[in-house]
Each structure stands twice: as C-alpha cells, then as structure tokens.
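K.L.:
Sequence first, then the predicted structure, then my questions.
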Amino acid sequence: MDHIFVVQQRLIPDLIEKMQRRFNVLSMIQHEQPIGRRTLAERLNQTERVLRSDVDSLKSEHLIEIHPKGMTITVEGEEVLSVLARHMEIYNDLSALGSEITKLTGISRIIVVKGDADESPETQVHLGVEAGRCLQSLLSPNTTVTVTGGSSTASMASHLASVPFDVTFTPARGGLGEDMIHQANFIVAKMAEYTGGRYEALYVPDQVSEQTYQNLIQEPAIHSVLDQIKSADIVVHGIGNANKMANRRKTDAAVKKLLHEKAAVGEAFGYYFDKKGNIVYKVRTIGLQREDVMTKKHIIAVAGGASKATAIAAYLKIAPEQTVLITDEAVAKQLLKAFAFDNNIN
C-alpha cells in the first residue's frame, strides 16, 4: 500500500470504509449513467440520506456531474476509479486480501472467510470449515496433532472426515474449567471420532504452582502425554484477548493489575503479549510451551471476530513463519491497515 495512504488511515480511522463506499457510488454511476439518486440508493442498498453526503462530496471534487436526467461521471472521476481499482479489489476479494496480509506479516498463509465472527454464528461455522479443511490436507499416516481449547478450535472438529490411516490427537494443555465443549480434551476426542483416529487426554489443571507442576510432570501417565504433545507434527491453536483469557483462568487481582500495567492485549499458550508482540507475562501451564511451537512443521492458528483483531495483530508479530492463520473478514481488514502502516514506517 502507498505510504501516504496508510498514514491517512491512522489519522482518519474510517478512511478505508468511507473510500470503499464512495468508490462503490462512483462505480455504479459509471455503469448506470445517467442515474437518479433514488435509483442509485436502491441499487447500492443505501438510504438516500447517507447517499446524499457521498454524492455531494463527489460533486464538490468534480468527480461527477448532476443533470436533470441523472448523475454522470467526469473524466477526473474515471481517473480516480482507475487508480483505486486495485486497492479496492484487494479490500473486497477475500483471497487477495489474505495474500496481501500474508506478504506483510511473513507467515506461511492467511485464509479469510466472509463476515465477523463476533456478529455472525455463520462466520464462526465458516472458520471451522476452513480450519478443518486445512488440517485435513495435512494429515498423513502416524501424524500427531496437538490442539488447544477454545471456541475457535472447537468449531473445527465436525468438519473433519475419516482417514484410512492412524492419526493421534492430543490436548495441548490442561483444562481451564470452561464449558466442556470448549476444553481441549473434549475437542481432541471429537476430532478422533470424526477422523477415525485415536486421542489422548490430559486430566490436569491448565494453571498450577511450580511445585505442583514439577510433581505432576513426573507422573508416568502425564509424562507420556506430554511427550506426545512435544513431539506432535501439527499444532492447532486459538488466539485470545488478554482480559478475557485472564478472566477464564480466574487470574488473581495482582496479576490482572500487572497485565493492565504492561498493556497486554493478547494471549496464546499461556503467554500474554502487548501490541508490539512483546511477552509481558507467562502463566505456568502444563502442556505445550511456546518454545515447542516454534519447532513444529505445521501450525494452524484459528481466530476471528473484530474484538480479537488487536490480539491477533500482536501475535502475528511473534508467530512462527510456518503459521497458517484462519480468520475472518472483519479481522483481516484491521490487519491490512495495521501491517501496511507498520511496513511503511519501518
């Protein structure tokens, strides 16, 4: 993206959305000219009140002309459309949007589904479909997959299909005391059910004291599962909002205060990080550690919803390059803004 474009975006947060709307108005006028305001509003599914503001702006910039028979585009308007076409194509085309952000972030791939998971259950389902499809393509004989808990990873299981070979699913960490269907133990059991594979369970709390941690990892049954987690071929994980994850863990007030003071925005694998991707706090968890993740051949991160955009953007600054992110349109558009700006000021 052009440097001045991303600087303007930071100064005017709704710049892209406003540009998108006016681009659509200008495009429709070009295709349907001459066209009246009421017809234009109907074609764009906008109210005449909202459209009036955009039309007045386009007219004041000499991009359109208004005649008794309707509106027409000017030569200057044609030139503006031509210049903006590529930017708007990337912004509207989900595949192109994912490819553009992939280049900016440096991770392996970003897959974008339509909508906002915060607002639409259908979008949450689509996240699961795409994540399931991605995981299915990576499964091979004797593969071990380790999975964290959460609603995003839980949405994947029912979209997996049976495979004619052995696969093993393990929970990446202990339980958070959350709803059963969002716990890693339950999710890996469902994944095994749908693929015809096998699974291991890890019946320990997610967060423990150092002494308890040292005692538990010596237990043969737990030690065996931890070995499988560490040697897993594929990691599937979510990315959480720092405050929400702290609440889910029933974190004490002193730690919550610390997270606030350190401006933590996101969490993954028990690590809390700020907007720049700096790790500001680590929870002693039983299971997968960040250093284990870095060495995995395949990593699938699943997270969506505009409320997670800041957390996801921060995590991508420290994500291993072999990461594939499955996210939604609402997050992707925020990522495009954030990383385009970062890449142009560095």
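P.N.:
On my side now, so go ahead.

K.L.:
The residue nearest to A268 when sequence neighbours are not counted: what's it in contact with?
P.N.:
Excluding the flanking residues, the one nearest A268 by CB to CB, 6 or more residues apart in numbering is I239, at 5.3 Å. Where C-beta positions appear, they are placed from N, C-alpha and C, glycine not excepted. The contact partners of I239, taken as CB atoms under 8 Å, 6 or more residues apart in numbering, are 266-268, 301, 303, 308, 311-312, 315.

K.L.:
roughly how far apart are I239 and Y199?
P.N.:
As judged by CB to CB, to the nearest Å, I239 and Y199 stand 23 Å apart.

K.L.:
Contact partners for the closest residue to L288 other than its chain neighbours?
P.N.:
In this structure, L288 finds its nearest non-sequential neighbour in A172, 4.0 Å apart by CB to CB, 6+ apart. Listed by CB under 8 Å, 6+ apart, the contact partners of A172 are 146-148, 184, 229, 235, 237, 269, 287-288.

K.L.:
Which of these fall within helices?
P.N.:
184, 229 (DSSP state H).

K.L.:
By pLDDT, rank the contacts of A172 and give me the bottom one.
P.N.:
Minimum pLDDT across the contacts of A172 is recorded for G287, with 82.

K.L.:
ok, it - contacts?
P.N.:
Counting by CB under 8 Å, 6+ apart, G287 touches 171-174, 202, 206, 226, 229.

K.L.:
Please, a ChimeraX command that selects the buried ones among the residues you listed?
P.N.:
Buried subset of the contacts of G287, written as a ChimeraX selection, criterion 16 or more other CB atoms under 10 Å:
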select :171,172,173,174,202,206,226,229
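
K.L.:
circling back to that earlier point, now the residue nearest to L288: how far from G196?
P.N.:
Applying CB to CB, the value for A172 to G196 is 21 Å.

K.L.:
what are the phi and psi angles of I299?
P.N.:
The phi/psi pair for I299 (degrees, to the nearest 10) reads phi -130, psi 130.

K.L.:
Tell me what it is bridged to.
P.N.:
The residues listed as beta-bridge partners of I299 by DSSP bridges are V235, T323.

K.L.:
wait, it sits on A232?
P.N.:
No - counting by CB atoms under 8 Å, I299 does not reach A232; the two are 10.3 Å apart.

K.L.:
Between these two, which is the more surrounded one?
P.N.:
Neighbour count, other CB atoms under 10 Å: between I299 and A232, A232 has more, with 24 against 20.

K.L.:
residues in contact with that one?
P.N.:
Contacts of A232 (CB under 8 Å, 6+ apart): 144-146, 170, 296.

K.L.:
Please identify the helix or strand for it.
P.N.:
Counting by DSSP states H and E, no helix or strand carries A232.

K.L.:
could you measure it against T170, distance?
P.N.:
As defined by CB to CB, A232 lies at a distance of 6 Å from T170.

K.L.:
what touches both of the two?
P.N.:
With CB under 8 Å, 6+ apart, A232 and T170 have common neighbours 144-146.

K.L.:
In helices, which of the contacts of I239 fall?
P.N.:
311-312, 315.
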